[in-house]
Structure formats: structure tokens, C-alpha cells
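Enquirer: here is a sequence together with a model predicted from it:
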Amino acid sequence: MSVKFCRIDDRLIHGQVVTTWVNVHSIEQVIILNETVAQDKIQSNVLKMSAPSNIKLHIFSPEKFLEVIQKNPLSRNTMLLFSSPFDVEKLVNADYEIPSLNVGGMRGNAERTQYTKAVSLTPEEKASFERLLAKDIDITIQMVPSEARVKMNEVI
């Protein structure tokens, strides 16, 4: 398996992802896993334009990703990028192994409770993270590599 890094960040492709995490993990391709983004041609095109030219970017629904990798196993150093824990759960529930998960930004809104400076969750998102933690997935919160990691199970 060539997945080097899995991250949840509701902004998906942006400066921190592109400039720091991609370099730290020698990432050659980023795969965004999100049903809504996969179906939205405009948003997909904007994200593809945001990615550096040396990084391959693919956008799939979690279900489509599971289909594609059956026929085309990953061969590049890959980052899986999610906007929510629900898409991570879809992979894990289909027996796709994700040993660790980095959580970057999940911005606050009226429905979310703030847990750290960068992570706010709805009750459903919190429950999703609890289910992932119950499956022994190491989940840490860390915006950029220079920040200290915070264990998700210590904040929820």
C-alpha cells in the first residue's frame, strides 16, 4: 500500500496541505474522497487548479475509490484527503486499512462545538470519531507538522 498520509481538512487543497504535508511525506498524488466534491464538476476543477503541477490529484467518492483500487492498486506515494470522518468510516467499514489519521481543520459553525483551536464537531461527527477510535485508529489533531500532536481521544 502506498498511502503515506491520511488527513481530514474541511478546506481540502490549500496552502498548508500543499506546501507542508506533501513535502513532509514525499507525496506524489493526492486523492480527495468525498461524494459531494466528486459530483461537483466546478468544485473539482477548482481543486485541480489549486494543486501543484507536480502532484497528481484524483477525486472520488469513497465507494468509487474502493472500486478503482481493486483494478488499479496505488503505486505512488499517496495522501488520502477527506473533509469529514464519515468518508473515513466508509473506507474503514469496507475493511480498508487506515492505521492513522491526521485531523487538520474542521471549522466551527452554529451546529458545532469547539474542541481545539482548529477542530469543531457536530454530535454526529464526534460519534463518528468515537467509532473510528474504537477500531484502534490512531487519530491525532495537528494543523502543521511543526505543531504538537494532540490525541483525538483526549479532547472528545
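Expert: That came in fine, so what should we check first?
Enquirer: max-length helix in the chain?
Expert: With DSSP state H setting the assignment, residue counts place helix 123-134 as the longest helix in the chain.
Enquirer: show me where the protein has helices.
Expert: Ranges of helices in the chain, per DSSP H, are 15-16, 22-24, 35-39, 41-50, 62-71, 85-93, 123-134, 152-155.
Enquirer: got the CA coordinates for the last one in PDB?
Expert: Coordinates of the C-alpha atoms in helix 152-155 are reproduced here as PDB (Å, rounded to 0.1, in the frame of the first residue of the first chain):
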ATOM      1  CA  MET A 152      -8.300  12.900  19.500                       C
ATOM      2  CA  ASN A 153      -9.400  10.600  22.300                       C
ATOM      3  CA  GLU A 154      -8.000  13.200  24.800                       C
ATOM      4  CA  VAL A 155     -10.300  16.000  23.500                       C
END
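Enquirer: looking at the chain, which helix or strand is least sure?
Expert: helix 15-16 (a mean of 80; mean pLDDT, DSSP states H and E).
Enquirer: nearest residue to Gln39 in space, please, no chain neighbours.
Expert: Counting by CB to CB, 6 or more residues apart in numbering, Gln39 lies nearest to Ser61, which is 7.7 Å off, once chain neighbours are set aside. In this view, the C-beta of every residue, glycine as well, is placed from N, C-alpha and C.
Enquirer: isn't the one you found up against Ile31?
Expert: No. With contact taken as CB atoms under 8 Å, Ser61 and Ile31 are classed as non-touching, separated by 11.2 Å.
Enquirer: who has more neighbours out of the two?
Expert: Using other CB atoms under 10 Å as the criterion, Ser61 and Ile31 rank with Ile31 on top: 21 against 17.
Enquirer: count of neighbours near the closest residue to Glu89 other than its chain neighbours?
Expert: Leaving aside its chain neighbours, Glu89 sits nearest to Ser128 (5.6 Å; criterion: CB to CB, 6+ apart). Burial measure for Ser128: 18 neighbouring residues, criterion other CB under 10 Å.
Enquirer: report the contact partners of Ser128.
Expert: Neighbouring residues of Ser128 by CB atoms under 8 Å, 6 or more residues apart in numbering: Ser84, Pro85, Phe86, Val88, Glu89.
Enquirer: dump the residues you listed into TSV; add neighbour count, distance to Glu154 and pLDDT as well.
Expert: Converted to TSV, those look like this (neighbours: other CB atoms under 10 Å; distance: CB to CB, whole Å; pLDDT from 0 to 100):
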residue	neighbour count	distance to Glu154	pLDDT
Ser84	18	21	96
Pro85	26	17	98
Phe86	15	22	98
Val88	26	19	98
Glu89	19	21	98
